[in-house]
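S.K.: Below is the sequence, then the predicted model.
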Number of protein chains: 2
Amino acid sequence: MQLIQNQKTILIVGLGLIGGSYAKGLKKLGFRVIAIDTRQAAIDYAVQNKIIDEGFSHNRPDAIQSADILIFALYPKVFLKWIEENQCYLRPGAILTDVTGVKSCLVYDIQEKLRKDVEFIAAHPMAGKEVYGVENSDDAIFHGANYIVVPTEHNTQAAIELCKDIGKLLGFARISELSPEAHDEMIGFVSQLTHAIAVSLMTCCDNEELVNYTGDSFRDLTRIARINDAMWSELFLLNKDALLQQMDVFMNEFSDLREALAEGNTEKMREKMRLSTDRRKLFDKK
Amino acid sequence: MQLIQNQKTILIVGLGLIGGSYAKGLKKLGFRVIAIDTRQAAIDYAVQNKIIDEGFSHNRPDAIQSADILIFALYPKVFLKWIEENQCYLRPGAILTDVTGVKSCLVYDIQEKLRKDVEFIAAHPMAGKEVYGVENSDDAIFHGANYIVVPTEHNTQAAIELCKDIGKLLGFARISELSPEAHDEMIGFVSQLTHAIAVSLMTCCDNEELVNYTGDSFRDLTRIARINDAMWSELFLLNKDALLQQMDVFMNEFSDLREALAEGNTEKMREKMRLSTDRRKLFDKK
């Protein structure tokens, strides 16, 4: 594998938990890492803790121009607006990538609007934490995790390879490619549906004593119920059709299990439990 | 607190994951720990690894008679049958407790059938693993976990205190009391509903590629989808009414979130997410 050279300058736009974790990992590898974030405190923290080499709380043209690679870790709508307003400053040949959790609604738009002498190749690192901000960033969350590159027909093989290289350098275990549509269907299931379930589990019961009785299963299922409501409501809406479909698929299956229980159909319940057990075994991390 | 003295002999009936973990913890504390399990290999393993002092693969009258305290870690129906067939051997004054995951359907029956010169006080340790057998036992799973004592009006204060002492000695963090009915309602929610959700998440989608794309949220929500189908289908059926009710409560709330998404009602989604976040914070282990 031919990895990108670390003489390059990487600009992180949006220095939150994920942007900060990218910055940490990439700086350790020897890249010059700079960042833009509207929150001055995030920039100050990152500079003081040597997470970045330099940072700005506004869109400095010379900083944007100095970047060979730009990584966008912004809310989807903010990302689109940033491109419209600041793409004029990009260095010709710059490669743009991102960490955004939805793709179809964004990737085509950005590729269409973008100058033709730069290239945007979408990516989705499947890692996170239920806390926020560069202050909680940690590049170890990428180790062993999945990384998905989301190319369209407008992408060059060189940019796709560079984007995969970033994933490899950061320590992701499995790197794959999906189309924007396949990505959104999959993410509607493994990420958005699971968050919708966790939230519903927490909101459907107002028993304040639960914490005294619960076991690890409830804790595990609701870990992600601590959720950034601004970001996740935007992600849900931007992937509305795929998520609604996955919610229905889940609800049908859950109702089917409910019916088996109501009927006292032990064999049907056991069959589902055995299938579930067999499938889940594949997911244990090696 | 006045804890039980470790000169006593404790008999574990059912030497699986939980029975084995009790044995390990209690033996370390200096009790004489003996066990009965129909699986000779479990007894052999436990003796060789000094998890128990002595063990039998059949119901030896003298072993049963020697026990001051008996801890039952059996499937509910097997537990009931054991009492019917073997209570004649119990030493007068013996205290019986258990680890069974359902209570209303069991506790009253056993207390009614039981000889009047011994006492059964029910308990539920809220800890487990998604693997089975004494070979996987580990008393560390109790440290920091919750322990629920489930008395009825037939129990003496002395037996309730002794049962709590066992929980304290094993390192449980929070020890509480619930009636059988309150226990079953609560367990229908925090344990059985979560298992039903995890199973449904695994069975509703047959995409074998998912393992390449998933993040930790899906892994966390489905950890308990590796499930002992014989045991859990029995637990579900024995707590059928409470579980069906909790499934309906969850489904209504989940449908409500679905509707908010379908309508594009951002504020309603965010409200649920904020409530979920606030409630979930209480559950983080100190």
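M.R.: Received it, and whenever you're ready, just let me know what you need.
S.K.: any idea how far residue A:34 is from chain B?
M.R.: Distance of residue A:34 to chain B, given as CB to the nearest CB, to the nearest Å: 28 Å. Heads up, the C-betas are built off the backbone N, CA and C, glycines and all.
S.K.: dump the residue contacts of that residue.
M.R.: Counting by CB atoms under 8 Å, 6 or more residues apart in numbering or on different chains, residue A:34 touches A:9, A:10, A:11, A:12, A:52, A:53, A:54, A:55, A:56, A:63, A:66, A:67.
S.K.: Tell me the secondary structure at it.
M.R.: strand (DSSP: H, G, I helix; E, B strand; the rest coil).
S.K.: From residue A:53, how far out is it?
M.R.: Distance, residue A:34 to residue A:53, using CB to CB, to the nearest Å: 6 Å.
S.K.: Which neighbours do these two have in common?
M.R.: In terms of CB under 8 Å, 6+ apart, residue A:34 and residue A:53 are not both contacted by any residue.
S.K.: Export the contacts of residue A:34 as JSON lines, with columns for pLDDT and neighbour count.
M.R.: Listed next are the contacts of residue A:34 as JSON lines, based on pLDDT from 0 to 100; neighbours: other CB atoms under 10 Å in any protein chain shown:
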{"residue": "A:9", "pLDDT": "97", "neighbour count": "18"}
{"residue": "A:10", "pLDDT": "98", "neighbour count": "26"}
{"residue": "A:11", "pLDDT": "98", "neighbour count": "28"}
{"residue": "A:12", "pLDDT": "98", "neighbour count": "31"}
{"residue": "A:52", "pLDDT": "98", "neighbour count": "28"}
{"residue": "A:53", "pLDDT": "98", "neighbour count": "16"}
{"residue": "A:54", "pLDDT": "97", "neighbour count": "16"}
{"residue": "A:55", "pLDDT": "98", "neighbour count": "25"}
{"residue": "A:56", "pLDDT": "98", "neighbour count": "17"}
{"residue": "A:63", "pLDDT": "97", "neighbour count": "19"}
{"residue": "A:66", "pLDDT": "97", "neighbour count": "16"}
{"residue": "A:67", "pLDDT": "97", "neighbour count": "24"}
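S.K.: just curious, which of these is nearest to residue A:261?
M.R.: residue A:12 (49.5 Å; CB to CB).
S.K.: from memory that closest one sits against residue A:52, does it?
M.R.: Yes: if you go by CB atoms under 8 Å, residue A:12 and residue A:52 touch, sitting 7.2 Å apart.
S.K.: So for the two, which residues contact both of them?
M.R.: A:23, A:33, A:34, A:35.
S.K.: Just the closest of those to residue A:158, please.
M.R.: When these are compared against residue A:158 (criterion: CB to CB), the nearest one is residue A:33, at 21.9 Å.
S.K.: Pick out the residue of the stretch 1-150 of chain A closest to chain B.
M.R.: residue A:126 (3.7 Å; CB to the nearest CB).
S.K.: Confidence-wise, which helix or strand of chain A is lowest on average?
M.R.: One helix or strand of chain A scores below all others by mean pLDDT, DSSP states H and E: helix A:216-222, with a mean of 88.
S.K.: can you give me the mean pLDDT across the helix or strand that that helix is followed by?
M.R.: Later in the chain than helix A:216-222, the nearest helix or strand by DSSP states H and E is helix A:229-238. Averaged over helix A:229-238, pLDDT sits at 94.
S.K.: which other helices and strands contact whichever helix or strand comes after helix A:229-238?
M.R.: Downstream of helix A:229-238, the first helix or strand assigned by DSSP H and E is helix A:240-262. Other helices and strands packing on helix A:240-262, by 3 or more CB pairs under 8 Å, 6 or more residues apart in numbering or on different chains; DSSP states H and E, are helix A:180-187, helix A:194-203, helix A:266-281, helix B:194-203, helix B:240-262.
S.K.: Contacts for the last one, please.
M.R.: Under the criterion CB under 8 Å, 6+ apart, residues A:196-197, A:199-201, A:203-205, A:236-237, A:240, A:243-244, A:247-248, A:251, A:254-255, A:258, A:261-262, A:264, B:184-185, B:187-189, B:192-193, B:196-197, B:236, B:265, B:268-269, B:272 lie in contact with helix B:240-262.
S.K.: Can you name the residues that contact residue A:37?
M.R.: A:13, A:14, A:15, A:16, A:19, A:43, A:55, A:57, A:134.
S.K.: how about the third one, what does it touch?
M.R.: What that stands for is residue A:15. A:23, A:35, A:36, A:37, A:39, A:42, A:43, A:46, A:52, A:55, A:73, A:134.
S.K.: Tabulate those in JSON lines, adding columns for secondary structure and distance to residue A:164.
M.R.: Listed next are the contacts of residue A:15 as JSON lines, based on DSSP: H, G, I helix; E, B strand; the rest coil; distance: CB to CB, whole Å:
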{"residue": "A:23", "secondary structure": "helix", "distance to residue A:164": "19"}
{"residue": "A:35", "secondary structure": "strand", "distance to residue A:164": "23"}
{"residue": "A:36", "secondary structure": "strand", "distance to residue A:164": "25"}
{"residue": "A:37", "secondary structure": "coil", "distance to residue A:164": "26"}
{"residue": "A:39", "secondary structure": "coil", "distance to residue A:164": "31"}
{"residue": "A:42", "secondary structure": "helix", "distance to residue A:164": "28"}
{"residue": "A:43", "secondary structure": "helix", "distance to residue A:164": "29"}
{"residue": "A:46", "secondary structure": "helix", "distance to residue A:164": "26"}
{"residue": "A:52", "secondary structure": "coil", "distance to residue A:164": "23"}
{"residue": "A:55", "secondary structure": "strand", "distance to residue A:164": "27"}
{"residue": "A:73", "secondary structure": "coil", "distance to residue A:164": "18"}
{"residue": "A:134", "secondary structure": "helix", "distance to residue A:164": "25"}
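S.K.: returning to that earlier point: among the contacts of residue A:34, find me the one that's closest to residue B:111.
M.R.: residue A:12 (64.5 Å).
S.K.: just the helices in the stretch 1-150 of chain A please.
M.R.: Taking DSSP state H, counting those that start in this stretch as the test, the helices found in the stretch 1-150 of chain A are A:17-28, A:40-48, A:61-65, A:76-86, A:104-113.
S.K.: Up against chain B, what does the stretch 51-200 of chain A have?
M.R.: A:126-128, A:145-146, A:148, A:174, A:176, A:178, A:186-187, A:189-191, A:193-200 (CB under 8 Å from any CB of the partner chain).
S.K.: give the contact list for residue A:39.
M.R.: Contacts of residue A:39 by CB under 8 Å, 6+ apart are A:15, A:57.
S.K.: 7 Å instead, please
M.R.: residue A:57 (CB atoms under 7 Å, 6 or more residues apart in numbering or on different chains).
S.K.: Likewise for residue A:19?
M.R.: The contact partners of residue A:19, by CB under 7 Å, 6+ apart, come to A:12, A:35, A:73.
S.K.: please redo it, this time with the cut-off set to 10 Å
M.R.: By CB atoms under 10 Å, 6 or more residues apart in numbering or on different chains, the contact list for residue A:19 reads A:12-13, A:35-37, A:42, A:46, A:51-52, A:71-74, A:99, A:133-134, A:137.
S.K.: again, but for residue A:160
M.R.: For residue A:160, counting by CB under 10 Å, 6+ apart, the contacting residues are A:119, A:121, A:123, A:149, A:150, A:151, A:177.
S.K.: re the thing from before, taking the helices of the stretch 1-150 of chain A together, which one is wrapped up most tightly?
M.R.: Of all the helices of the stretch 1-150 of chain A, helix A:17-28 has the most neighbours on average by mean count of other CB atoms under 10 Å in any protein chain shown, namely a mean of 24.
S.K.: relative to helix A:40-48, how tilted is that one?
M.R.: 20 degrees (axes from the mean of the first three to the mean of the last three CA atoms, to 10 degrees).
S.K.: ok so, going back, now the contacts of residue A:34 in JSON lines, with distance to residue B:221?
M.R.: Formatted as JSON lines, these follow (distance: CB to CB, whole Å):
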{"residue": "A:9", "distance to residue B:221": "39"}
{"residue": "A:10", "distance to residue B:221": "33"}
{"residue": "A:11", "distance to residue B:221": "35"}
{"residue": "A:12", "distance to residue B:221": "30"}
{"residue": "A:52", "distance to residue B:221": "34"}
{"residue": "A:53", "distance to residue B:221": "39"}
{"residue": "A:54", "distance to residue B:221": "40"}
{"residue": "A:55", "distance to residue B:221": "36"}
{"residue": "A:56", "distance to residue B:221": "39"}
{"residue": "A:63", "distance to residue B:221": "40"}
{"residue": "A:66", "distance to residue B:221": "42"}
{"residue": "A:67", "distance to residue B:221": "38"}
